[in-house]
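Engineer: need a structure here:
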Amino acid sequence: MLWLYVILVLYIFYTFTKQKYNYWIKFGVKGPSPLPFVGNFGKVMLQKESVNQCVKDIYKQYSEEKIVGIYRGFQPILLIRDPELIKQILIKDFNFFQDRGISTSRSRISENLFSAEGEKWRILRQKLTPVFTSKRLKDMIPLIENCIENYLNYVEHLVENNIEHELRLLASKYTLQAIVSCAFGLNIDTYSDTQNEFTIMAKRVFSPTTIVKFITILDMIIPGIRRIIKSSNDISDFFLNLVRKVIEERKNKPMLRKDFMDLMIELKEQGNISGKNQYTGTAEIQIDDNLIAAQALVFYAAGFETSSATMSFMLYELALNQNIQDKVYQEIHKITEKYNNKLTYESIKELTYLEMVFEETLRKHSVAGILFRKCKTNYSLPGTKVILQKGTPVIISVSGLQQDPNYFPNPEIFNPDNFLPENKNKRPQYTHMPFGDGPRNCIGMRFAIVQSMMGIAAFLRKFKVIPSTKTRTKLRYDPKAITLTSLDGIWLKIVKRS
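Structural biologist: Okay, here's the model as predicted:
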């Protein structure tokens, strides 16, 4: 009798699995065969491959398709490969795909700009955009210059004492100090004080515990389960205490800095803030310490980690391509001469070749690599027979697009000429999106560019990078890392220019 129950259970499971994994077949959408429970993300769940690499491999495998059907657990996901369809999703029909659909663990500070949905996101985006205007960025330049001076002094100490240093960690000391100074008005020593609370918290955010990793994997099998699990209070407490400390210090004082915290304090004093939408009318949200702390966490994490990664990848490529490094140095020397040998906000805009190198670094080493969107309502995908059901996730492989030989010839070769105006004009739009695109692109994009460009330009005026005995000619990426990370670190020799 027991064997009949076993057969019945197996039959029910087979029928259920077949029904779930027939979703894309009924629309005639091609895709890799899924495995029970894990779908197409088995290696990701076993932490043998990053999500970025997994999706990029599928992108490459179906080079003739505009769309590809895949599964995360039992959940169907549509991978968009075609630039015109990408434009449709990110721009033309943005109102259908406003939300990212990324589930986060419950905490007091989970309502941040990155993961917020619906009208809360619209209002937050509208109110926080003024932090990153050109005028605000110009006001931050003296703060960034001070951080650069500390950075260069530390690097000079390393060179004089022949101390090797991993480049990503080195760059993170600069970018962490810069974001803490520009966003929160605090001065921290990231160089001699390696155990400062901001550095420790950075490790907590980007090196999740085993429990957090398990919950992340479980969320792939049972989408949304993360939302009902309460996260650790350590990170929440840190940012709540930070916000309250800054608010108390600035209490009853004029808002002189006009930085992120000044803006948030100003919004908090308004009580509730509202926004108007042509589709849903007027909505309101309350600005309290929890909401401010949630935004602080996002700016903190995104402001230093992605920039430090990009800076280290750029220096790595310049070390392997000395002719490109020499050309960058000559441009920096020529432009700064026009500005009394100073790096200014205006001079950075004239470093066109350095900008091309920066763009090429972002192309070849896409730190995030994937854009996520969620369909808000049933949606008929233009030019196809596909009808996306409400809640269906849509993903775009930024790494796949940016390393597609159809758009970038010889994509494994580091070639800044990819971003000459004449070459950019030959490519379809939406094939290079390191900061995303559309209304939900990275709000801190301009700050990240200015911070990185100034830091790199100042570094290269004074130092040169060359390969060391520990430099790998081909990088291996960490499959367990949240963002693109070299498994072996990035080791180069830094030489002081004469």
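Engineer: looking at this structure, which helix is longest?
Structural biologist: Using DSSP state H to assign secondary structure, the helix with the most residues in the chain is helix 289-320.
Engineer: next secondary structure after that one?
Structural biologist: Heading C-terminal from helix 289-320, the first helix or strand you meet, by DSSP states H and E, is helix 322-338.
Engineer: relative orientation of that following helix and helix 289-320 in degrees?
Structural biologist: Between the axis of helix 322-338 and that of helix 289-320 there is an angle of 120 degrees, by axes from the mean of the first three to the mean of the last three Cα atoms, to 10 degrees.
Engineer: which elements pack onto helix 322-338?
Structural biologist: Helix 322-338 sits against helix 289-320, helix 345-349, helix 352-364, helix 445-462, strand 463-467, with contacts defined as 3 or more Cβ pairs under 8 Å, 6 or more residues apart in numbering; DSSP states H and E. The C-beta positions use only the backbone N, C-alpha and C, and glycine is treated the same way.
Engineer: buried residues, the fourth one. List them.
Structural biologist: Of the residues in helix 445-462, those with enough neighbours to count as buried (16 or more other Cβ atoms under 10 Å) are 447-460.
Engineer: which one of the residues you listed is nearest L35?
Structural biologist: Of all the buried residues of helix 445-462, the one sitting nearest L35 is A448; the distance, using Cβ to Cβ, is 37.9 Å.
Engineer: I'd assumed S307 was in contact with the closest one.
Structural biologist: Yes - A448 sits in contact with S307 when judged by Cβ atoms under 8 Å, with a separation of 5.1 Å.
Engineer: wait, what's in contact with the spatially most central residue of the chain?
Structural biologist: Nearest to the centroid of the C-alpha atoms of the chain, with distances taken as Cα atoms, centre = their mean, sits A368, at 4.3 Å. Residues in contact with A368 (Cβ atoms under 8 Å, 6 or more residues apart in numbering) are N52, T306, V398, P434, T483, L484.
Engineer: give me the subset of those residues that lies in strands.
Structural biologist: Members of the contacts of A368 lying in strands (criterion: DSSP state E): none.
Engineer: what does the host helix or strand of L78 rub up against?
Structural biologist: Under the criterion DSSP H and E, the helix or strand holding L78 is strand 75-80. By Cβ under 8 Å, 6+ apart, the list of residues contacting strand 75-80 from outside reads 23-24, 29, 31, 39, 55, 58-59, 66-71, 86, 89, 223, 381, 386, 388, 392-397.
Engineer: so what strands line up beside it?
Structural biologist: strand 67-72 (antiparallel), strand 393-397 (parallel) (DSSP bridges).
Engineer: for the longest one, buried residues please.
Structural biologist: What it means is strand 67-72. Applying 16+ other Cβ under 10 Å to strand 67-72 flags I67, V68, G69, I70, Y71, R72 as buried.
Engineer: isn't the second one right up against D57?
Structural biologist: If I follow you right, that is V68. No - because the distance of 11.1 Å does not satisfy Cβ under 8 Å, V68 is recorded as not touching D57.
Engineer: count of neighbours near L90?
Structural biologist: 23 (other Cβ atoms under 10 Å).
Engineer: distance of it relative to G444?
Structural biologist: Summarising the geometry, the distance separating L90 from G444, computed by Cβ to Cβ, to the nearest Å, is 18 Å.
Engineer: tell me where the stretch 1-150 of the chain is predicted with low confidence.
Structural biologist: 1-19, 103-110 (pLDDT under 70).
Engineer: let's see 50
Structural biologist: Of all residues in the stretch 1-150 of the chain, none has pLDDT under 50.
Engineer: and the end-to-end length of stretch 39-49?
Structural biologist: For stretch 39-49, the first-to-last residue distance is 14 Å (Cα to Cα, to the nearest Å).
Engineer: chain center to it, what's the gap?
Structural biologist: Mean-position distance between stretch 39-49 and its chain equals 21 Å (Cα atoms, centre = their mean, to the nearest Å).
Engineer: same thing with stretch 85-100?
Structural biologist: Per Cα atoms, centre = their mean, the displacement of stretch 85-100 from the mean C-alpha position of its chain is 19 Å.
Engineer: gap between stretch 461-480 and the chain center?
Structural biologist: Relative to its parent chain, stretch 461-480 has a centroid offset of 21 Å by Cα atoms, centre = their mean.
Engineer: repeat for stretch 312-328
Structural biologist: Using Cα atoms, centre = their mean, the distance between the centre of stretch 312-328 and that of its chain works out at 23 Å.
Engineer: next one: stretch 84-91
Structural biologist: Relative to its parent chain, stretch 84-91 has a centroid offset of 20 Å by Cα atoms, centre = their mean.
Engineer: next one: stretch 481-492
Structural biologist: Between the mean C-alpha point of stretch 481-492 and the mean C-alpha point of its chain there is a distance of 15 Å (Cα atoms, centre = their mean).
Engineer: pull up the distance across it, start to finish.
Structural biologist: 22 Å.
Engineer: what comes up buried for it?
Structural biologist: Judged by neighbour count (16+ other Cβ under 10 Å), stretch 481-492 contains these buried residues: I482, T483, L484, T485, S486, G489, I490, W491, L492.
Engineer: related to what we said a few turns ago, need the winner for burial among the helices and strands packed on helix 322-338.
Structural biologist: Among these, judged by mean count of other Cβ atoms under 10 Å, the one packed with the most neighbours on average is helix 289-320 (a mean of 23).
Engineer: one step back: name the helix or strand for the residue nearest to the centre of the chain, please.
Structural biologist: Element membership for A368 (DSSP H and E) is empty, with no helix or strand holding it.
Engineer: and it, how far from M433?
Structural biologist: Distance, A368 to M433, by Cβ to Cβ: 10 Å.
Engineer: who's in contact with H333?
Structural biologist: The contact partners of H333, taken as Cβ under 8 Å, 6+ apart, are R461.
Engineer: list the contacts of E111.
Structural biologist: Taking Cβ under 8 Å, 6+ apart as the definition of contact, the neighbours of E111 are K120, N290, L291, A294.
Engineer: pull the most distant pair out of those residues.
Structural biologist: Spatially, the most separated pair among the contacts of E111 is K120 and N290, at 12.8 Å (Cβ to Cβ).
Engineer: so F447 touches A183, yeah?
Structural biologist: No - here F447 does not reach A183: they are 9.1 Å apart, not a contact under Cβ under 8 Å.
Engineer: which residues do these two both contact?
Structural biologist: Taking Cβ under 8 Å, 6+ apart as the contact rule, F447 and A183 both touch G303.
Engineer: least confident pick among the buried residues of stretch 481-492?
Structural biologist: pLDDT is lowest at I482 among the buried residues of stretch 481-492; the value there is 80.
Engineer: tally of neighbours for the residue nearest to that residue when sequence neighbours are not counted?
Structural biologist: The shortest distance from I482 to any residue that is not its chain neighbour, by Cβ to Cβ, 6 or more residues apart in numbering, is 5.7 Å, and that residue is F206. Look at F206: counted by other Cβ under 10 Å, it has 15 neighbours.
Engineer: number the residues from 59 up from this point.
Structural biologist: Fine by me, first position is 59 from now on; the one you just mentioned is F264.
Engineer: now for F264: which residues touch it?
Structural biologist: Shown in contact with F264 (Cβ under 8 Å, 6+ apart): A359, E363, A539, I540, T541.
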